[in-house]
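Q: Quick one, fold the following:
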Amino acid sequence: MNASPESREPGPFADLPAALVEEVLSQTEAVAKDLLASFQKIRKDRAELRSTLEKSGLVTTESSLGYPPLPTTCGTDGSYAIDRLLSTDLAAAAAVAVEGLTPPSEKRHWALPHHNTFIAAEPHLEDTATVLRAVMLGEELRLATAAPHDVVMLDGTLTLPVIYFNQALNKAPDTKDLRCSAHFLEHCLEYLTAYLEILCSKRSDKQYIALPKYSTRREIGTRLGWPADHDDRGLLTLLLKPGELTVPLELEHPRNGAGNVTWHLNTGALPPELKNRAAELANEVVSALQSVLVFYYKPHDWLPALRVEIAAGIASNRDRLATVVQGLKYQCATPSILEPYPIYLADRTAKALARAIPAFRQVTTQRVSERYDGDIGEVFFALHGYRSESGR
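A: Just a heads-up that it's a prediction; the model follows:
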């Protein structure tokens, strides 16, 4: 039975002027031409690039590491959303941890996904998103360190927390009217401690790995002189064979003119009761961040190369590195999902938060209306949404 016109989804161009659509479509010819030239050049140079990679000694195989027992895994992710209302902002953040496919020899650790959430009505301030984002990430790191699994996967790069935390450390002390600022200050020592544990990964029975989907890093490309307009992950997707991985290399870091790494966490604005301990943790975090390594791994021919960031303690131990590789291979079990299964599930769950914010606002509006003694229209005006922001 055909769907009625009212029930059909609007097309992608439904609200756009016809002239605008035609103009953009006409410009796609030039875009396609540029992309085709780029793809053709890489195809032409593929054999030479592959030869350079092999001669460099930077590529190895999963079989050279051995085959340890399949590890248990989980993936973590987070998201935040802000609904800008007439009289206030509705701010929410959530972190989730989802168990991966369980090896036949193991029992499931979790019957259901684990999560940490934060939601509050906030005053109109520009810095809400800055602090809320750090709360989201801090809760994600706390879930990761609390997970009992052998391999814990984080969706994103290991350098992201130092950026978000530094922004929040600067803003939260000056925005005490925000409940998310109070929450961040209350838990910032726990967030930094969890971050340091992940960066160091000292426990041999627990491997923390970060899997950024998008990256412009060129640790291998810079070393081998590859074209600067292609990042490592894009090229290695074409060059690596199934079951191959690159040798772990030092992560690229931002540096000043003197060549010194410029990562930092500014704890000077924190309250006195937090400042000293936070400064100690910040120094350890920055030091540990400089020992993070990265490798690329292609589990199957249907997958793009995975960018995997790990602590030096994992990279230097063949058994721990083999555990990571086997965990990734087992969790990439189907061509329909182009990333490890627990990361895919965690990502889907986290992204659902932004879509659910209007429903949360509607429930809140109803509860306020039930108890408001004045004109109910005032409630609907005050809680009318004008703009939404979301991210991870």
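
Q: make it CA atoms for all contacts and neighbour counts henceforth
A: Noted.

Q: Any stretches of the chain with poor pLDDT?
A: The model of the chain has pLDDT under 70 over residues 1-9, 86-87, 105, 259, 354, 356-392.

Q: any idea which helix is longest in it?
A: helix 18-56 (DSSP state H).

Q: Heading C-terminal from it, find the next helix or strand.
A: As assigned by DSSP states H and E, the chain's next helix or strand after helix 18-56 is strand 59-61.

Q: and after that next one, which helix or strand comes next?
A: Criterion used, DSSP H and E; the element after strand 59-61 is strand 73-85.

Q: Send me whatever helix or strand comes next after that next one as PDB with only the CA atoms.
A: Going down the chain from strand 73-85, the next helix or strand is strand 89-99, by DSSP H and E. Taking Å, rounded to 0.1, in the frame of the first residue of the first chain, the C-alpha atoms of strand 89-99 are listed here in PDB:
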ATOM      1  CA  ASP A  89      18.500  27.000  28.300                       C
ATOM      2  CA  LEU A  90      17.900  23.300  28.700                       C
ATOM      3  CA  ALA A  91      21.300  21.700  28.900                       C
ATOM      4  CA  ALA A  92      21.900  17.900  28.800                       C
ATOM      5  CA  ALA A  93      25.000  15.700  28.500                       C
ATOM      6  CA  ALA A  94      25.300  11.900  28.500                       C
ATOM      7  CA  ALA A  95      28.100   9.400  28.400                       C
ATOM      8  CA  VAL A  96      27.400   5.700  27.500                       C
ATOM      9  CA  ALA A  97      29.500   2.500  27.600                       C
ATOM     10  CA  VAL A  98      28.300  -0.500  25.600                       C
ATOM     11  CA  GLU A  99      29.700  -4.000  25.700                       C
END
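
Q: From the contact counts, what lies against strand 89-99?
A: strand 73-85, strand 114-122, helix 128-146, helix 341-371 (3 or more CA pairs under 8 Å, 6 or more residues apart in numbering; DSSP states H and E).

Q: Which positions in the second one come out as buried?
A: Along strand 114-122, the positions that meet the burial threshold by neighbour count (16 or more other CA atoms under 10 Å) are 115, 116, 117, 118, 119, 121, 122.

Q: Serialize these to TSV and add fields for distance to residue 241.
A: Output for the buried residues of strand 114-122, formatted as TSV (distance: CA to CA, whole Å):
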residue	distance to residue 241
115	37
116	39
117	41
118	43
119	46
121	51
122	51
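
Q: so residue 88 sits right up against residue 121, yeah?
A: Yes. If you go by CA atoms under 8 Å, residue 88 and residue 121 touch, sitting 6.5 Å apart.

Q: coming back round to it: mind listing what's buried in the longest helix of the chain?
A: Residues of helix 18-56 classed as buried by neighbour count (16+ other CA under 10 Å): 42, 49, 50, 53.

Q: repeat for stretch 270-289
A: 270, 274-275, 278-279, 281-282, 284-289.

Q: nearest to residue 212, of those?
A: residue 289 (15.8 Å; CA to CA).

Q: show me the contacts for that closest one.
A: By CA atoms under 8 Å, 6 or more residues apart in numbering, residue 289 lies in contact with 158, 159, 199.

Q: how about 6 Å then?
A: Under the criterion of CA atoms under 6 Å, 6 or more residues apart in numbering, the contact list for residue 289 is empty.

Q: just the one 4 residues further on next, same as before
A: Taking CA under 6 Å, 6+ apart as the definition of contact, the neighbours of residue 293 are 248, 249, 250, 251, 309, 310.

Q: burial count for the last one?
A: The number of residues packed near residue 310 is 29, by other CA atoms under 10 Å.

Q: Next up, the contacts around it.
A: Here residue 310 is in contact with 209, 292, 293 (criterion: CA under 6 Å, 6+ apart).

Q: now do 10 Å
A: Counting by CA atoms under 10 Å, 6 or more residues apart in numbering, residue 310 touches 157-158, 198-201, 207-211, 248-251, 291-295, 321, 324.

Q: Of these, just the buried ones, PyMOL syntax please.
A: Provided next is the PyMOL selection string for whichever of the contacts of residue 310 are buried by 16+ other CA under 10 Å:
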select buried, resi 157+158+198+199+200+201+207+208+209+210+211+248+249+250+251+291+292+293+294+295+321+324
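
Q: among the contacts of residue 310, which are in strands?
A: Members of the contacts of residue 310 lying in strands (criterion: DSSP state E): 207, 208, 209, 210, 249, 250, 293, 294, 295.

Q: Of those, which is the nearest to residue 180?
A: Of those, the one sitting nearest to residue 180 (CA to CA) turns out to be residue 210, at 25.7 Å.

Q: burial measure for the nearest residue to the closest one once chain neighbours are set aside, as a count.
A: Of all residues not flanking residue 210 in the chain, residue 154 sits nearest, at 4.6 Å (CA to CA, 6 or more residues apart in numbering). A count of neighbours around residue 154, defined by other CA under 10 Å, yields 27.
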